[in-house]
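Trainee: Okay, sequence plus prediction incoming.
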Amino acid sequence: MNLMSDASVTDRLRTLISVSRGASYVEARYQARLTTEVNFVNGELERIRVVENAGCGIRVLVDGCWGFSSTNSLSSGALKESMGHSISAARVLAKTKKSKVTGLAASKMVAGTFRTSVNGSLSDIDIEQKVQIAREGEKAARSNKAVKAASCTYREMLDHKAIVNSDGADVEIYDSKPEFSVAAIARRGGQSATAHEGVGVTGGWNDLFKKNHLEYAVTASERAAKLLDARKISGSKSTLILDPAMVGLLSHESIGHMVEADFVLSGSMVKDKMGQQVASEHVTLVDSGRSEIMNNAGGTIIVDDEGVAAGRTAIIENGILKSFLHNRESAMMFGTASTGNARAFQYSDEPLIRMRNTFIEPGADKLADMIKETNHGYVVKGARNGQADANGEFMFGAEEVYLIENGKVKELMKGASISGNAFETLRSVDMVGDEFHYDIGTGYCGKYQPAKVDGGGPYIRCTAVIGGLQ
């Protein structure tokens with residue numbers, strides 16, 4: 001991605017900021033992205049694409065209103081024209097808008113050049129090898145005779161960003177996010193079962209494939225075949241042991257969105273619960289731009305798109321609600337500091353309050369002890385899509401569930417749903433495992449625009465409703 005030299009990118013943005021007039025705040029964000037995707041379906045190469053785009057998004061604050069414009073032309077004239085559009089848009093909005101931005105929270109602006117640590121640069125791996133990885137993964141997913149359909153996708157995003165604003169941010173960032181995923185569909189008669197495996201990281205080729213890629217495919221294939229013979233679950237409120245993927249999904253969907261400050265301002269149920277106990281004392285739930293506890297989390301960012309360091313934010317600490325997630329505007333409204341959660345997916349998107357890596361911290365319990373101390377319940381694994389609302393009610397799909405009877409794991413059950421109220425579920429947590437994994441790194445959060453996120457945690461034991469999916 002050499003559309004512009006590093007010096008010319010930052011120099012043009014600095015010049016643009018210095019000549020801005022009539023705005024109380026100006027932010028220029030250059031981004032060049034190279035996306036590669038390879039997809040095999042049922043033995044055929046379904047898609048191979050390499051897409052490169054670049055441009056600059058310019059955001060201004062004028063008379064208490066935001067204006068935003070973007071351009072894919074990086075000439076000095078085009079950048080100045082785009083800034084003019086932003087200022088004009090803000091001025092027009094200011095004539096009618098009643099609720100205006102009162103200011104931005106004072107924040108220490110980051111300066112410098114930052115590069116994602118990678119083991120095996122993605123740029124050094126030729127497209128033929130990426131195609132081969134996907135081909136082999138899809139073929140291995142069909143290795144079980146019961147599997148009648150399969151797919152395998154390799155995808156990567158290489159980003160080069162430069163962020164300069166009138167409050168002193170002057171940042172250049174090089175980021176690398178690859179992912180690999182496999183799906184296997186087993187069929188017998190009128191029965192079918194689907195299994196997924198995958199991994200998504202912030203890092204390089206060898207960071208992604210710490211485990212051989214064929215292991216993901218074989219695991220998905222074998223699980224899909226086993227699920228054909230699994231019994232369905234009858235709905236009931238039960239003791240559940242959630243795996244790290246389910247914990248990550250619960251943390252992100254049920255809690256993380258609820259504490260994003262823009263959702264709080266819109267009426268999220270947590271708006272009056274700051275400082276209150278909302279979960280078991282065993283629960284500390286965190287959102288962080290860093291790869292805490294384990295390396296290479298898929299949602300890792302160094303600096304947010306307002307130039308603020310993307311550090312660790314404890315949302316819930318020992319059961320007590322401690323913080324919402326903020327950009328600089330919401331932080332000003334709440335009288336606190338930005339948590340570094342302003343993120344934009346592409347240069348043509350405005351920054352929104354978004355999560356990064358959202359997880360529950362590990363405890364001291366062994367998984368074997370959690371199972372042994374459960375008279376009747378289920379181990380719930382393999383997070384699938386679901387939904388959660390502003391009142392904390394959730395329903396998530398689970399790919400594999402194991403019955404526990406008298407402290408022992410028994411049979412595999414068909415994929416199920418778990419449901420309940422997020423805070424009631426977290427208040428019921430009585431054991432937190434000592435293992436930790438990020439496990440939703442192949443996913444994208446979809447809040448008006450995509451965002452690469454991750455989540456996870458240890459195994460936790462809690463209570464919720466479990467029921468079979470049709």
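Mentor: That came through, no problem.
Trainee: sec struct for the nearest residue to N318 once chain neighbours are set aside, please.
Mentor: Nearest residue to N318 in three dimensions, chain neighbours excluded: E281, at 5.1 Å (C-beta to C-beta, 6 or more residues apart in numbering). All C-beta spots, glycine's among them, are computed from the backbone N, C-alpha and C. Recorded secondary structure, E281: coil (DSSP: H, G, I helix; E, B strand; the rest coil).
Trainee: what domains does the record give for this structure?
Mentor: 6-227, 236-468 (automatic domain parsing).
Trainee: And the first one, how far out from the chain middle?
Mentor: The reference is to domain 6-227. From the chain centre to the centre of domain 6-227 is a distance of 11 Å (C-alpha atoms, centre = their mean, to the nearest Å).
Trainee: what is the mean pLDDT for that domain?
Mentor: Domain 6-227 shows a mean pLDDT of 96.
Trainee: so where do the helices sit in the stretch 201-350 of the chain?
Mentor: With DSSP state H, counting those that start in this stretch as the criterion, the stretch 201-350 of the chain has helices at 205-208, 213-227, 244-249, 261-265, 328-334.
Trainee: most tightly surrounded among those?
Mentor: helix 244-249 (a mean of 28; mean count of other C-beta atoms under 10 Å).
Trainee: quick one on the thing from earlier: got the helices of the stretch 201-350 of the chain as a markdown table, with distance to D170 columns?
Mentor: Compiled in a markdown table, those are given as follows (distance: least, C-beta to C-beta, whole Å):
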| stretch | distance to D170 |
| --- | --- |
| helix 205-208 | 28 |
| helix 213-227 | 39 |
| helix 244-249 | 34 |
| helix 261-265 | 26 |
| helix 328-334 | 16 |
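Trainee: So which of those is nearest S86?
Mentor: Within those, the stretch nearest S86 is helix 328-334; the backing value is 16.0 Å (C-beta to C-beta).
Trainee: Pull the CA coordinates from the closest one and hand them back as PDB.
Mentor: Provided in PDB are the C-alpha atoms of helix 328-334 (Å, rounded to 0.1, in the frame of the first residue of the first chain):
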ATOM      1  CA  ARG A 328     -14.700  12.500  23.800                       C
ATOM      2  CA  GLU A 329     -18.100  13.900  23.300                       C
ATOM      3  CA  SER A 330     -19.900  11.500  25.600                       C
ATOM      4  CA  ALA A 331     -17.100  11.800  28.200                       C
ATOM      5  CA  MET A 332     -17.700  15.500  28.300                       C
ATOM      6  CA  MET A 333     -21.400  15.000  28.900                       C
ATOM      7  CA  PHE A 334     -20.800  12.500  31.700                       C
END
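Trainee: which residues are contacting that helix?
Mentor: Helix 328-334 has contacts (C-beta atoms under 8 Å, 6 or more residues apart in numbering) with 101-105, 107, 261-262, 265, 306, 308, 324, 326, 337-339, 342, 353.
Trainee: Could you identify the buried members of those?
Mentor: 101, 104-105, 107, 261-262, 306, 308, 324, 326, 337-339, 342, 353 (16 or more other C-beta atoms under 10 Å).
Trainee: hey, which of the domains of the chain is tucked in deepest?
Mentor: Highest mean neighbour count among those (mean count of other C-beta under 10 Å): domain 236-468, with a mean of 21.
Trainee: can you give me the offset of that domain from its chain's centre?
Mentor: 11 Å.
Trainee: can you list contacts of stretch 414-425?
Mentor: 193, 227, 230-233, 240, 242, 246, 250, 254-255, 258, 278-279, 378, 380, 382, 384, 386, 388, 391-401, 462-469.
Trainee: what's the answer for stretch 229-243, then?
Mentor: Outside stretch 229-243, the residues that reach it (C-beta under 8 Å, 6+ apart) are 193, 250, 367, 370-371, 374-383, 401, 404, 411-414, 416, 418, 439, 459-468.
Trainee: switch the cut-off to 7 Å
Mentor: 250, 370-371, 374, 376-381, 401, 411-414, 416, 418, 459-468 (C-beta atoms under 7 Å, 6 or more residues apart in numbering).
Trainee: Sitting in strands, which of those do you find?
Mentor: Per DSSP state E, strands hold the following members of the contacts of stretch 229-243: 376-381, 401, 411-413, 416, 418, 460-468.
Trainee: In contact with T358, which residues?
Mentor: So T358 contacts G248, S251, H252, G256, D287, G455 (C-beta under 7 Å, 6+ apart).
Trainee: doesn't G319 make contact with the residue nearest to N318?
Mentor: Yes. Proximity of E281 to G319 meets the contact threshold set by C-beta atoms under 7 Å, at 4.4 Å.
Trainee: now S123, what's its secondary structure?
Mentor: S123 - assigned by three-state DSSP - is helix.
Trainee: average pLDDT for stretch 276-296?
Mentor: Computed over stretch 276-296, the average pLDDT equals 98.
Trainee: distance between the ends of that stretch?
Mentor: 33 Å (C-alpha to C-alpha, to the nearest Å).
Trainee: picking up where we left off before, I'd like to know which of the helices of the stretch 201-350 of the chain lies nearest to N53.
Mentor: helix 205-208 (22.8 Å).
Trainee: residues in contact with that closest one?
Mentor: V118, N119, G120, L122, I125, P178, F180, V199, V201, N296.
Trainee: Only C-alpha atoms, please: export that helix in PDB.
Mentor: This file holds the C-alpha atoms of helix 205-208, laid out as PDB (Å, rounded to 0.1, in the frame of the first residue of the first chain):
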ATOM      1  CA  TRP A 205       0.400 -15.400   9.500                       C
ATOM      2  CA  ASN A 206       2.100 -17.500  12.200                       C
ATOM      3  CA  ASP A 207       0.000 -15.800  14.900                       C
ATOM      4  CA  LEU A 208      -3.200 -16.900  13.000                       C
END
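Trainee: For R312, list each beta-bridge partner.
Mentor: Beta-bridge partners for R312, by DSSP bridges, are S288.
Trainee: how much space is there between it and L285?
Mentor: Look at R312 and L285: by C-beta to C-beta, to the nearest Å, they are 12 Å apart.
Trainee: what's the answer for A193, then?
Mentor: 32 Å.
Trainee: show me what contacts S176?
Mentor: S176 touches T116, V118, L122, L158, T202, G203, G204, counting by C-beta under 7 Å, 6+ apart.
Trainee: Then L403?
Mentor: L403 touches Y378, K410, E411, M413, counting by C-beta under 7 Å, 6+ apart.
Trainee: Which pair in these has the greatest spatial separation?
Mentor: Y378 and E411 (10.7 Å).
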